[in-house]
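Peer 1: would you be able to build a 3D model of this:
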Amino acid sequence: MKPAGRTALVTGAAGQIGGAAAVALTGAGVTVVAADHPGAAERLEATVDSCRNAGPDASAHPLLFDVSDPAAIEAALASLPADIGTPDLVFNNAGIQGAFAPTHRYPLDDAAAVINVNVIGALNVMTCAAAAMVAAGTGGAIVNMSSMAGVTGAPNMLAYSTSKAAIIGMTKSAAKDLAPHGIRVNSVSPAFIGPGPMWERQIEQQAAAGTQYFPSDPETVAEMMIDMIPMRRYGAVTEVIDVVLWLLSDRAGYVTGVNIEVSGGSA
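Peer 2: Next up, the predicted model:
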């Protein structure tokens with residue numbers, strides 16, 4: 001990655017994918033700013049501890065802010081010590097799944113919360129980070145977290161599918177705006193990723209949704225989901241992170257405005 005002097009901001013770093021990305025980046029020699037909501041402070045510290053154990057010269061720093069508050073993001077970025085500098089790599093990963101229910105029964109208060117975090121929050125982080133990168137003249141790369149739900153539309157996941165489709169559009173627009181400043185913007189869209197809490201929650205919630213798409217038995221739901229993937233397995237977190245790290249690296253230097261599907265062939 002030519003990591004010397006590189007600093008990466010990873011949001012949602014207290015979670016499964018964000019935490020794995022933070023550790024992988026630290027292990028590659030990148031200085032990592034691991035960020036999450038103040039309510040996740042304890043889990044974020046665990047991520048930072050893992051990052052610091054990634055190598056003898058590992059450098060990782062926690063940062064707490066609410067992605068829905070742009071002023072808090074700006075203040076947090078401004079608070080970084082001078083020896084860390086402005087992040088020139090961003091994994092814009094923070095997000096929530098929201099409720100599982102068909103459209104005519106979808107709770108609108110939940111939809112507002114999902115859009116606020118997954119769309120407005122992601123836009124806030126990208127805009128604030130890009131402004132700092134442009135001001136610093138560093139160039140760099142941003143990877144936004146989307147989902148196959150945003151590509152194909154997932155049943156019983158109205159708000160989540162909407163939010164992740166918006167991420168793809170946001171990525172393509174920002175890539176054009178930021179190209180003159182040497183900043184690349186791409187997104188990744190995983191399909192089913194497991195094992196872990198998101199996989200387990202999705203199985204349980206789809207089983208409980210009571211629609212024609214999935215039965216009420218979680219074990220059968222899991223089997224059906226796997227059968228939807230041509231490769232007949234869910235993906236590993238590391239398989240998502242490998243794509244993220246490639247997009248952030250100089251090896252992807254001519255790649256921008258692209259959404260990469262990490263999906264085992266599902267479409």
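Peer 1: any idea which helix or strand carries the residue nearest to T11 when sequence neighbours are not counted?
Peer 2: Once flanking residues are discounted, T11 sits nearest to A94: 4.0 Å by C-beta to C-beta, 6 or more residues apart in numbering. Just so you know, the C-beta spots here come from the backbone N, C-alpha and C atoms, and that holds for glycine as well. Under the criterion DSSP states H and E, no helix or strand holds A94.
Peer 1: gap between A94 and A71?
Peer 2: Counting by C-beta to C-beta, to the nearest Å, the separation of A94 from A71 is 17 Å.
Peer 1: which of the two has more residues huddled nearby?
Peer 2: Remark: of A94 and A71, A94 carries more neighbours, 27 against 11, as counted by other C-beta atoms under 10 Å.
Peer 1: which residues touch that one?
Peer 2: 11-12, 15, 18, 35-37, 67, 117, 121-122, 125, 145 (C-beta atoms under 8 Å, 6 or more residues apart in numbering).
Peer 1: for stretch 56-75, what is the distance to the chain centroid?
Peer 2: Distance of stretch 56-75 from the chain centroid (C-alpha atoms, centre = their mean, to the nearest Å) equals 15 Å.
Peer 1: averaged pLDDT, it. What do you get?
Peer 2: Stretch 56-75 carries an average pLDDT of 95.
Peer 1: if you count neighbours, what's buried in it?
Peer 2: Within stretch 56-75, the residues that count as buried by 16 or more other C-beta atoms under 10 Å are 58-68, 70, 72-74.
Peer 1: residue contacts, the residue nearest the centre of the chain?
Peer 2: Centroid-nearest residue in the chain, with C-alpha atoms, centre = their mean: N93, separated by 2.1 Å. Neighbouring residues of N93 by C-beta under 8 Å, 6+ apart: 10-13, 15, 17-18, 21, 145.
Peer 1: for those residues, which one is nearest A111?
Peer 2: Distance to A111 across the contacts of N93 (C-beta to C-beta) is lowest for M145, with 18.9 Å.
Peer 1: relative to A21, how far out is the closest one?
Peer 2: Counting by C-beta to C-beta, the separation of M145 from A21 is 9 Å.
Peer 1: which residues do these two both contact?
Peer 2: Residues touching both M145 and A21 by C-beta under 8 Å, 6+ apart: 91, 93.
Peer 1: the more surrounded of the two?
Peer 2: Shown here are M145 and A21; by other C-beta under 10 Å, A21 has more neighbours (29 against 25).
Peer 1: so the more buried one is in which element?
Peer 2: Applying DSSP H and E, one finds A21 within helix 16-27.
Peer 1: for that helix, give the mean pLDDT please.
Peer 2: 96.
Peer 1: go on, stretch 143-161?
Peer 2: The model assigns stretch 143-161 a mean pLDDT of 97.
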